[in-house]
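Visitor: turn this into a model:
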Amino acid sequence: MKKVLVLIQDGPFNTIRSSEGFRMTMGLSLADNEVSLLLMGDGVFNLLPLRAETIGQPSIQTYLEYFPKVRVQLYAEAGALADRGVQSLSEGVKRISHQEAFQLVSAAEVVIPFR
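Guide: Numbering: from 1, shown residues only. Below is the predicted model of the structure:
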């Protein structure tokens with residue numbers, strides 16, 4: 001079993017990469033991997049209750065609902081949340097310090113960044 005970390009640092013509407021990162025994270029959970037997803041920087045904006053489908057973008061909300069069911073751990077870096085005024089977190093999202101985020105990246109066998 002590999003420890004895989006997907007790192008998303010971009011907001012939901014800058015590119016399609018963020019939604020692709022969420023989709024790929026779901027796919028990685030189907031294999032024998034311990035999968036985590038870390039939101040840093042503008043990536044924390046993905047936690048806002050947005051209606052992406054209104055502008056023709058994929059909705060990330062579905063992934064946020066299913067990640068706990070497929071044992072994907074979702075983390076959000078506390079400094080990025082505070083800097084961007086994101087206060088409420090979806091169920092199952094763990095708020096972690098910058099140091100904890102660094103340790104998470106260091107401990108992963110595979111890190112897949114989406115920027």
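Visitor: low pLDDT regions in this protein?
Guide: By pLDDT under 70, the weakly predicted segments of the chain are 12-16, 52, 55, 57-58.
Visitor: all helices for it, in order.
Guide: For the chain, applying DSSP state H gives helices covering 17-28, 61-66, 78-83, 98-107.
Visitor: Ser36: which of these is closest?
Guide: Closest approach to Ser36 among those is made by helix 98-107 (6.7 Å; C-beta to C-beta). No exception for glycine: its C-beta is placed from N, CA and C like everyone else's.
Visitor: residue contacts, Glu109?
Guide: Neighbour list for Glu109: 2-4 [criterion: C-beta atoms under 8 Å, 6 or more residues apart in numbering].
Visitor: so can I have a markdown table of those residues showing neighbour count and distance to Glu77?
Guide: Below are the contacts of Glu109 laid out as a markdown table (neighbours: other C-beta atoms under 10 Å; distance: C-beta to C-beta, whole Å):
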| residue | neighbour count | distance to Glu77 |
| --- | --- | --- |
| Lys2 | 12 | 23 |
| Lys3 | 14 | 18 |
| Val4 | 21 | 18 |
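Visitor: in stretch 100-108, which residues are buried?
Guide: Using 16 or more other C-beta atoms under 10 Å as the test for burial, stretch 100-108 gives 101, 104, 108.
Visitor: who touches that stretch?
Guide: 3-5, 7, 36, 38, 40, 75, 77, 96, 111.
Visitor: narrow the residues you listed to those that are buried.
Guide: 4-5, 7, 36, 38, 40, 75, 77, 96, 111.
Visitor: can you redo those residues as JSON lines with distance to Arg17?
Guide: Below are these laid out as JSON lines (distance: C-beta to C-beta, whole Å):
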{"residue": "Val4", "distance to Arg17": "17"}
{"residue": "Leu5", "distance to Arg17": "16"}
{"residue": "Leu7", "distance to Arg17": "11"}
{"residue": "Ser36", "distance to Arg17": "18"}
{"residue": "Leu38", "distance to Arg17": "15"}
{"residue": "Met40", "distance to Arg17": "14"}
{"residue": "Tyr75", "distance to Arg17": "18"}
{"residue": "Glu77", "distance to Arg17": "18"}
{"residue": "Ile96", "distance to Arg17": "22"}
{"residue": "Val111", "distance to Arg17": "15"}
